[in-house]
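J.: Below are the sequence and a predicted model for it; my questions follow.
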Amino acid sequence: MSHTLITRVTQEDTPAPRLDVFLTEKLALFPRSQLKQRLQNALVNGLPAKLSRRLKAGDEITLIYTDPPPSTLQAEPMALDIV
């Protein structure tokens, strides 16, 4: 499922970082390692933007991203010796 998020870079965010740093540190949507996997589209001021783009105060960021894939891990019963 896709989600859309629109946010704006404020004066408190300056000096504004790169787009990838802003998304992971300021918005904390998902870890930086998942950014390229989950991000479908990133627009800054309505134009496509690379994750390395430097931001400035007043920039409007529009993100389209997906949910994380479901985990395929299953819990298994296991005997543990506690010392």
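T.: Nice, I can see it.
J.: leaving aside the residues next to it on the chain, what's closest to Q40?
T.: In space, and not counting its chain neighbours, Q40 is closest to I64: 4.6 Å by Cβ to Cβ, 6 or more residues apart in numbering. (Glycine included, C-beta is placed from N, CA and C.)
J.: any idea how far the one you found lies from P70?
T.: 20 Å (Cβ to Cβ, to the nearest Å).
J.: Neighbour count for the two, which is higher?
T.: I64 (14 against 6; other Cβ atoms under 10 Å).
J.: Mind telling me what element the more buried one is part of?
T.: Taking DSSP states H and E as the definition, I64 sits inside strand 60-66.
J.: Quick one: residues in contact with that strand.
T.: With Cβ atoms under 8 Å, 6 or more residues apart in numbering as the test, strand 60-66 has contacts from 1-9, 19, 22-23, 29-30, 38-46, 55.
J.: Neighbouring strands - and their directions - for it?
T.: Strand 60-66 has the following sheet partners, assigned by DSSP bridges: strand 2-8 (antiparallel), strand 39-44 (antiparallel).
J.: So, low pLDDT: which residues of the protein?
T.: 13-14, 16 (pLDDT under 70).
J.: List the contacts of V44.
T.: L19, R53, L55, D59, E60, I61, T62.
J.: any idea how far it is from A75?
T.: 42 Å.
J.: now do R38
T.: Relative to A75, and taking Cβ to Cβ, R38 is found at 25 Å.
J.: Looking at these two, which one has more neighbours?
T.: Legend: neighbour count by other Cβ under 10 Å for R38 and A75, higher for R38 (18 against 5).
J.: Spell out, range by range, the helices that occur in this protein.
T.: Per DSSP state H, the chain carries helices over the ranges 19-21, 35-38.
J.: The last one: which residues count as buried?
T.: Of the residues in helix 35-38, those with enough neighbours to count as buried (16 or more other Cβ atoms under 10 Å) are L35, R38.
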